[in-house]
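when you get a sec, could you give me coordinates for this:
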Amino acid sequence: MRKETVQTDVTVIGGGLAGVCAAIAAARLGQSVALINNRPVLGGNSSSEVRVWVCGATSHGIHRYARETGIMGELFVENQYRNKDGNPYLWDMVVLEAVQAEPNIQLFLNTDVHEAEADEEDGGGRRIRSVTGWMMGSERSIRFESPVYLDCTGDGLVGFLAGAEYRMGREARDELGEEWAPLVADDITLGSTLLFYTKDAGHPVKYIAPAMAIDITKTSITENRIIRSGDNGCAYWWIEFGGEQDTVHDNEAIRSELWSIIYGIWDYIKNSGNFDAGNMTLEWVGSLPGKREYRRFVGDYILNQNDILAQREFTDRIGFGGWSIDLHPPQGVYATESGSKHMYSDGSYHIPFRSLYSVNVNNLLMAGRDISASHVAFGTTRVMATCAVIGEAAGTGAALCAAKGVTPRELHANHLKELQQTMLRQDASILGLNNEDAADLALQAAVSASSERSRFSVEQSALTVPLETDIGFTIPVDPLLDGMELLIDASEAAELTVQLWETGRPENYVPYALLQSASTSVSSGTQQWVKLDLRWQPETPCNAFLIIKANAAITLHMADQPTSGMLAYGHSNTPVVSLDFQNQPAQPVVLWDKKKFDHTAPCIRLSGPTNAFAAGKAVDGYLRPYGGPHLWSSDRMNSGRPEWLELAWSAPVTLREVHVTFNDDVNEDLINLHHHITPYEILPTLVKDYRIEAYVNGNWTAVAAGSDNHKRKHVHTLAEAVTTDRLRVVIGATNGSQYAEIIEVRVYE
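This is a model prediction of the structure:
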């Protein structure tokens, strides 16, 4: 046996997306990292071994402006560029190459950690001294030593071996006051799933079911689940089993049962005569169950259902989520009720750092589905893009702990602002916090631009939509709304009515409180710009939610492309997403469906000017839409004339590093696999060609440049330090947008 010892600043156990993002985050902050995974590929449940698509705060397009940024955002955008059709093997490579690009990471695949050395500390609590893993196929026993450990295993194995406090199963309703918790606590969890792929072979293919296949006609499956011959992969997420078993210790038995179900379902599709499946064949069947739930560690705070639905704005927030609270019946595929029930908050919710470190193991952080959350809250935090966001936060925290020689609890108590500001500098997914980095010279600069989009208008009609139901849209109000016009057709004389609502919170895009209503008479005719006398000046810039009331005589004109800062919504008659949830109150983000009008925009003119896209927005500290778009947008670009954003200082500054964040439209719902195909390989709002110029010795001199860009953020480290009092980002072309847009510019010595 070959025995080795690896010493690093940070050890990350678990190579799912939480572990990957944790390792990359820590490595980018200069810490040496050991990333250990017990499988031959990275990505966890998203890998080609399991093939679950990566869900997150967008909730498949239900939440607005909710796609993750930071490291998870980089993976989404890169996969979209390379792998728009969602090949799972190419996704493996996107994730692997992101890790391999970091020289501070040592990667250990096929390495199963089975031992942790931990002891009691004099001041209280426990401390992990080492973990040991066996590298399968290589006969190497490897001991990993570091001052900080991250358990990203999903099952929580390392924390368990180290003696960390944890929970399993469901809390009682009265413990945390959770409406969806059972009256009495129990050990029930969400079950595991296997998936399968099919394809049309182009010729008849017979299927003889293996002996293990069950006859699903003798179960409730055919009555209570939707079976289609053309479905693939995650369309069969409901092939779930094991919620009443131990999903770890009974893993082999659960897998065997899931195989029996899959081969039985395929027997039903192929041989029942109910489907046109003669040429269909099984292309792939999973062999590694995708687990949903096991241990959840106890941290200094247990995130719960009420936090999610209230969107509690934690002072120590380090990320956000938006997937519904998504709970499944314990019987899984054999349950007679719906396979899942969903409850959405009105917008993205916040996750506290205190839920990311152990209450009793002093040098243990956790990320992924094993964080400190109740079973009900876990129903939303468990999805992989949210786990990745948590991973980036935990990895950032671990890097700072290692660098400062402090525990995560001490980091929270004494260095919380540094943690959050470090994450913002890295473009992490945090809502409502702004850049306060004293080292960022851009915050000291006066900002100007070649042009600004000071008039908010969408005038090029490409389609019309009859007002059979109400249509909603959100627009930025900065500093005031001073009347507006809509482009409509009217088949006869009618009355057009528009309501003005506030959204309640800056991160929400739903009608919360009615402020006023305006109506006007319109005559029969087409292509009419109709003025509505809606006026509002909020205390601070924010979004307005406008509802155009239904009228069968009126048709609304719309553009066939989106516009930054504006979204449109169709009013749904089915405000719930599971049949056994019909008696609950309507959920606004489902009731107002943005997916119906994705990639379109109502034709509108705002009467007054807007500051929503002013040059100064590129240094206002916000990286995401939050009560407004928070980006600079040029006026409509003219062919051959570049647009530029300029920073000017009252005295010369010396700079060496420039950060530029472009607009990748975080409202666009990207996916890694085949849930849907987004039409763009590169987001049209992204800048394509640009250069960075410094004013030196009376001339503008290029100090950095980018061409054929498909990414959101670039950090340019200059070959030599430059002393200047003016800096420009000059944009030559976009990837399709009519506007040049920059979210943020940072400048460092």
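
buried residues in the longest strand seen in the chain?
Longest strand of the chain, by residue count under DSSP state E: strand 713-734. Applying a neighbour-count criterion of 16 or more other Cβ atoms under 10 Å, the buried positions in strand 713-734 are 713-715, 722, 724, 726-734. Yep, even glycine has a C-beta here, placed from its N, CA and C like the rest.

over to stretch 337-349?
So stretch 337-349, judged by 16+ other Cβ under 10 Å, has buried residues 338-349.

nearest to residue 177 among those?
Distance to residue 177 across those (Cβ to Cβ) is lowest for residue 343, with 15.0 Å.

what's around the residue lying closest to the closest one once chain neighbours are set aside, how many residues?
Distances taken as Cβ to Cβ, 6 or more residues apart in numbering place residue 325 nearest to residue 343, at 4.5 Å, with adjacent residues excluded. Counted by other Cβ atoms under 10 Å, the residues lying close to residue 325 total 21.

about what we covered before: so which elements touch the longest strand of the chain?
When contacts are defined as 3 or more Cβ pairs under 8 Å, 6 or more residues apart in numbering; DSSP states H and E, strand 713-734 sits against strand 643-662, strand 687-696, strand 699-706, strand 741-748.

starting at the chain centroid, how far to the first one?
Here the centre of strand 643-662 is set off from its chain's centre by 30 Å, with Cα atoms, centre = their mean, to the nearest Å.

mind checking which helix or strand residue 92 is in?
Under the criterion of DSSP states H and E, residue 92 resides in helix 88-100.

quick one: list the elements packing against that helix.
Short answer (3+ Cβ pairs under 8 Å, 6+ apart): helix 88-100 packs on helix 17-28, helix 70-82, strand 105-108.

residues contacting that helix, please?
For helix 88-100, the surrounding residues in contact (Cβ atoms under 8 Å, 6 or more residues apart in numbering) are 17, 20, 23-24, 35, 41-43, 46-48, 51, 71, 74-75, 78-79, 82-83, 105, 107, 672-673.

which of the helices and strands packed on strand 713-734 is buried the deepest?
Across these, averaging neighbours per residue (mean count of other Cβ atoms under 10 Å) puts strand 741-748 on top, at a mean of 24.

quick one, domains of this structure?
2-170+295-425, 192-285, 441-451+614-748, 457-606 (automatic domain parsing).

make JSON lines from these and add distance to residue 177 to it.
Conversion of those to JSON lines gives the following (distance: least, Cβ to Cβ, whole Å):
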{"stretch": "domain 2-170+295-425", "distance to residue 177": "6"}
{"stretch": "domain 192-285", "distance to residue 177": "24"}
{"stretch": "domain 441-451+614-748", "distance to residue 177": "29"}
{"stretch": "domain 457-606", "distance to residue 177": "17"}
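
mind putting those domains in CSV, mean pLDDT included?
Shown next, in CSV, are the domains of the chain (pLDDT from 0 to 100):
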stretch, mean pLDDT
domain 2-170+295-425, 97
domain 192-285, 95
domain 441-451+614-748, 96
domain 457-606, 93
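
pull the CA atoms of the helix holding residue 92 into CSV?
Taking Å, rounded to 0.1, in the frame of the first residue of the first chain, the C-alpha atoms of helix 88-100 are listed here in CSV:
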residue,chain,number,x,y,z
PRO,A,88,-23.8,15.5,-20.5
TYR,A,89,-20.2,14.4,-21.3
LEU,A,90,-19.3,17.9,-22.6
TRP,A,91,-20.8,19.3,-19.3
ASP,A,92,-18.4,17.0,-17.5
MET,A,93,-15.6,18.7,-19.4
VAL,A,94,-16.8,22.2,-18.7
VAL,A,95,-16.8,21.5,-14.9
LEU,A,96,-13.4,19.6,-15.0
GLU,A,97,-11.7,22.3,-17.0
ALA,A,98,-12.9,25.0,-14.6
VAL,A,99,-11.1,23.2,-11.8
GLN,A,100,-8.0,22.4,-13.8
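
any idea how far that helix is from the chain center?
18 Å.

over to stretch 609-629?
Per Cα atoms, centre = their mean, the centroid offset for stretch 609-629 relative to its chain is 21 Å.

next, the buried residues of that stretch.
Applying 16+ other Cβ under 10 Å to stretch 609-629 flags 609-615, 617-629 as buried.

same thing with stretch 496-516?
Neighbour-count burial for stretch 496-516 [16+ other Cβ under 10 Å]: 496-511, 515.

in strands only, show me those.
Short answer: the buried residues of stretch 496-516 in strands (DSSP E) are 496-502, 515.

tell me the one of those nearest residue 393?
Taking these together and measuring to residue 393 by Cβ to Cβ, the closest member is residue 502, at 30.6 Å.

pretty sure that closest one is touching residue 546, no?
No. Between residue 502 and residue 546 there is no contact under Cβ atoms under 8 Å: 10.9 Å.

list residues touching both of those two?
Joint contacts of residue 502 and residue 546 (Cβ under 8 Å, 6+ apart) do not exist.

who are the neighbours in contact with the spatially most central residue of the chain?
Per Cα atoms, centre = their mean, the C-alpha nearest to the average position across the chain is that of residue 68, at 3.3 Å. Residue 68 makes contact with 56-57, 76, 385-386, 388-389, 429, 666, according to Cβ under 8 Å, 6+ apart.

what do you get for residue 718?
655-658, 703-704.

and the end-to-end length of stretch 287-303?
In stretch 287-303, first residue to last residue: 33 Å (Cα to Cα, to the nearest Å).

swap in stretch 146-164?
17 Å.

please verify my assumption that residue 449 contacts residue 648.
No. Under the criterion of Cβ under 8 Å, residue 449 is not in contact with residue 648, lying 11.5 Å apart.

buried ones in stretch 57-66?
For stretch 57-66, by 16+ other Cβ under 10 Å, it's 57-59, 61-66.

which one of the buried residues of stretch 337-349 is nearest residue 550?
Distances from residue 550 to the buried residues of stretch 337-349, taken as Cβ to Cβ, are shortest for residue 346 (22.9 Å).

now the angle between helix 70-82 and the helix holding residue 92, please.
Between helix 88-100 and helix 70-82, the angle comes out at 140 degrees (axes from the mean of the first three to the mean of the last three Cα atoms, to 10 degrees).

who's in contact with stretch 324-339?
59, 62, 180, 188, 190-191, 219-221, 223-225, 237-244, 261, 292, 305, 308-309, 340-344, 376-377, 379-380, 383, 577-581.

helices - which of these land there?
Judged by DSSP state H, the contacts of stretch 324-339 include 221, 223-224, 261, 305, 308-309, 376-377, 379-380 as members of helices.

for ChimeraX, what selects the buried ones among those residues?
In ChimeraX syntax, the buried subset of the ones in helices among the contacts of stretch 324-339 is picked out as below (16+ other Cβ under 10 Å):
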select :221,224,261,305,308,309,376,377,379,380
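
may I see the ones in helices among the contacts of stretch 324-339 organised as TSV, with distance to residue 636 added?
Output for those, formatted as TSV (distance: Cβ to Cβ, whole Å):
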residue	distance to residue 636
221	55
223	56
224	53
261	56
305	46
308	41
309	41
376	48
377	45
379	45
380	40
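
closest to residue 534 among the ones in helices among the contacts of stretch 324-339?
Among those, and counting by Cβ to Cβ, the member closest to residue 534 is residue 309, at 30.6 Å.

now tabulate the contacts of residue 68 in a markdown table and tack on distance to residue 28.
Below are the contacts of residue 68 laid out as a markdown table (distance: Cβ to Cβ, whole Å):
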| residue | distance to residue 28 |
| --- | --- |
| 56 | 21 |
| 57 | 22 |
| 76 | 18 |
| 385 | 19 |
| 386 | 20 |
| 388 | 15 |
| 389 | 15 |
| 429 | 15 |
| 666 | 21 |
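
which of those residues fall within strands?
Per DSSP E, the contacts of residue 68 never map to strands.

can you tell me which of those residues is nearest residue 166?
For the contacts of residue 68, the nearest to residue 166 is residue 386 (19.7 Å; Cβ to Cβ).

isn't residue 216 right up against residue 261?
Yes. If you go by Cβ under 8 Å, residue 216 and residue 261 touch, sitting 7.3 Å apart.

before we move on, back to that, and the helices and strands packed on helix 88-100: which comes nearest residue 412?
helix 17-28 (16.8 Å).

I am finished for the moment; much appreciated.
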